[in-house]
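**Q** Here is my input, please return the structure:
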Amino acid sequence: MTANVQIIERDDVPEYAVVPYEEYSALVRLSEQMRDIRAYDAALADTGETVPHEVVRRLVNGDSPLRVWREYRALTQATLARKAGIDKTYLSQLETGRKQGSVAALARLASALSVEIDDLIDSRVRTD
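**A** Residues are numbered from 1 along each chain as shown. Presented below is the predicted three-dimensional model:
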């Protein structure tokens, strides 16, 4: 880039910089590239949990998210129910879709499974 810049001042303080359009376009491209680089670096730095393809496949195919996560964490229904402080029968009903579950129960289950509550919402359950 050249130094072909016009500075406009107000009260002896620089207020605007006027640059040729080609230089402005180059600055915009460089700025977008820098945002992409920062996003890439942030993605690489993410130390979040990775999930096996089989788990993702089951979730995408509509299996009960609660069951998928419980089985992935290698927990029995009894163990998960105990960790979440809910009845095993209630957990079974949640897994099979016979009950939707209260927000409080889903929050306790999410905590016990180390996932977000949204990860347990069954997309097959209608809310209307």
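**Q** Please report the confidence value the model assigns to Ser31.
**A** Looking at Ser31, its pLDDT is 97.
**Q** Can you classify it as helix, strand or coil?
**A** At Ser31 the chain is in helix, as set by DSSP: H, G, I helix; E, B strand; the rest coil.
**Q** Give the rounded mean pLDDT of stretch 89-101.
**A** On average, stretch 89-101 scores 93.
**Q** And the contacts of that stretch?
**A** With CB atoms under 8 Å, 6 or more residues apart in numbering as the test, stretch 89-101 has contacts from 64, 66-67, 70, 77, 80-81, 84, 105, 109, 122, 124-125. Every C-beta, even on glycine, is put in place using the N, C-alpha and C of the backbone.
**Q** residues contacting the spatially most central residue of the chain?
**A** Centroid-nearest residue in the chain: Glu116, 9.2 Å away (criterion: CA atoms, centre = their mean). When contacts are counted by CB under 8 Å, 6+ apart, Glu116 touches Ala110.
**Q** on that earlier part again, please check the contacts of stretch 89-101 and keep the buried ones.
**A** 64, 66-67, 70, 77, 80-81, 84, 105, 109, 122 (16 or more other CB atoms under 10 Å).
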